[in-house]
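In: Return a 3D structure for these sequence lines:
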Amino acid sequence: MRTGLEELSVLEVRNLGYCYPDGREALRDVSFALAANERAALIGPNGAGKSTLLLHLNGLLPDQPPATPTVIVDGLPLRADNLAEARRRVGLLFQDPDDQLLPDSLGGRRLGPMQLGVREPELSQRVADCLAQVGLAGFADRLPHHLSRGEKRRVCLAGLLACEARLLVLDEPTSDLDPRGRRLLMGLLAQLPVAQLIATHDLEFVVESCARTIVIDHGRIVADGPTRRLLNDEALMLAHGLERPHILRHAHPH
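Out: Just a heads-up that it's a prediction; the model follows:
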């Protein structure tokens, strides 16, 4: 298991623990690091703590950041006095894009950069550039309800990119996508020059897109290493409510 924290990391999580208000333990002693431009998958069964962990990475949890920081983003420890800057550096993509989209046109993607003090004409140019980066050039006047599920998700990504996030944290980004939308999203993520942590149940996507995988179960990291080696370990997968993906069943482990 990889447990060392890399010196040149864009994200460090140090001995993170969290209990729900009812006292149930959600995360226990979670530690890992993510290097700049690294793309890693976060996998585990339902209830393992994946989404709870993601919400800690830009300060949505806990309600009061601890006195001793447990999350460090791009060298910035998450504390109560710097949450706004931390949230600029960590772009969180929710599982349901409708939770993230404004009801007006996609020009509403200006909202994030506006909150960061960006003004016209740079504002419109940045939004247009980021929509083009996700393959949606010329979509600034579209209304969200005219978009497909995959297009909505890419719009949300554009909004995060417009805020110049250093780390993208994605919760089930391929869920509810048709095969074409899934392929488009995979290609897009592969081209983005930012670190990515992707929580997903789509293990075929993990094999195709992520060189590294972190396995979490009952709030603890139980394995961290090369994707093909971990996902080829059928005993490991079964022990933690997962299955060896079909794409590996006739392939040799790397």
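In: after the helix or strand bottoming out on mean pLDDT in the chain comes which helix or strand?
Out: The helix or strand of the chain with the lowest confidence, counting by mean pLDDT, DSSP states H and E, is helix 111-115 at a mean of 47. For helix 111-115, the following helix or strand on the C-terminal side (DSSP states H and E) is helix 122-133.
In: So which bits of that following helix are buried?
Out: The neighbour-count check on helix 122-133 (16 or more other Cβ atoms under 10 Å) flags 123, 126-128, 130-131, 133 as buried. Heads up, the C-betas are built off the backbone N, CA and C, glycines and all.
In: so how far is the strand or helix carrying residue 208 off the chain centroid?
Out: Counting by DSSP H and E, the secondary-structure element that holds residue 208 is helix 203-209. If you compare the mean C-alpha spot of helix 203-209 with that of the full chain, they lie 15 Å apart, counting by Cα atoms, centre = their mean, to the nearest Å.
In: just stretch 124-133 next, same as before
Out: Worked out by Cα atoms, centre = their mean, stretch 124-133 lies 21 Å from the chain centre.
In: Just the mean pLDDT for that stretch, thanks.
Out: Stretch 124-133 comes out with an average pLDDT of 79.
In: In stretch 35-55, which of the residues would be classed as buried?
Out: The neighbour-count criterion (16+ other Cβ under 10 Å) identifies 38-44, 48-55 as the buried residues of stretch 35-55.
In: Keep only those of the residues you listed that are in strands.
Out: The subset of the buried residues of stretch 35-55 located in strands under the criterion DSSP state E comprises 39-43.
In: Of these, which pair is most distant in space?
Out: When these are compared pair by pair using Cβ to Cβ, the farthest-apart members prove to be 39 and 43, with a separation of 13.5 Å.
In: Does residue 15 touch residue 27 like I think?
Out: No - here residue 15 lies out of contact with residue 27, judged by Cβ atoms under 8 Å, at a distance of 10.0 Å.
In: more crowded one of the two?
Out: Taking neighbours as other Cβ atoms under 10 Å, residue 15 and residue 27 compare with residue 27 leading, 23 against 10.
In: And the buried residues of stretch 35-55, which is closest to residue 71?
Out: Taking Cβ to Cβ as the measure, residue 71 sits nearest to residue 53 out of these, at 9.7 Å.
In: Would you mind confirming that the closest one makes contact with residue 31?
Out: No - with contacts defined as Cβ under 8 Å, residue 53 does not count as touching residue 31, sitting 11.5 Å away.
In: hey, what's in contact with both of those two?
Out: Here residue 53 and residue 31 share the contacting residues 13, 16, scored by Cβ atoms under 8 Å, 6 or more residues apart in numbering.
In: contact partners of the helix holding residue 208?
Out: Outside helix 203-209, the residues that touch it by Cβ under 8 Å, 6+ apart are 39, 41, 43, 174, 182, 186, 189-190, 198, 200, 213, 227-228, 231, 242-243, 245-248.
In: try 7 Å this time
Out: Counting contacts by Cβ atoms under 7 Å, 6 or more residues apart in numbering, the residues outside helix 203-209 that touch it are 39, 41, 43, 174, 186, 189-190, 200, 213, 227-228, 231, 245-248.
In: Show me the helices in the protein, by range?
Out: 50-56, 83-89, 111-115, 122-133, 149-162, 179-191, 203-209, 227-231, 234-239 (DSSP state H).
In: and those helices, which one is worst for confidence?
Out: Among the helices of the chain, helix 111-115 has the lowest mean pLDDT, at a mean of 47.
In: What residues are bridge-paired with the most centrally placed residue in the chain?
Out: To find the centre residue of the chain, average its C-alpha atoms and take the closest one (Cα atoms, centre = their mean): that gives residue 169, at 1.7 Å. Residues in a beta bridge with residue 169, per DSSP bridges, are residue 92, residue 197.
In: before we move on, what about residue 30?
Out: Judged by DSSP bridges, the bridge partners of residue 30 are residue 16.
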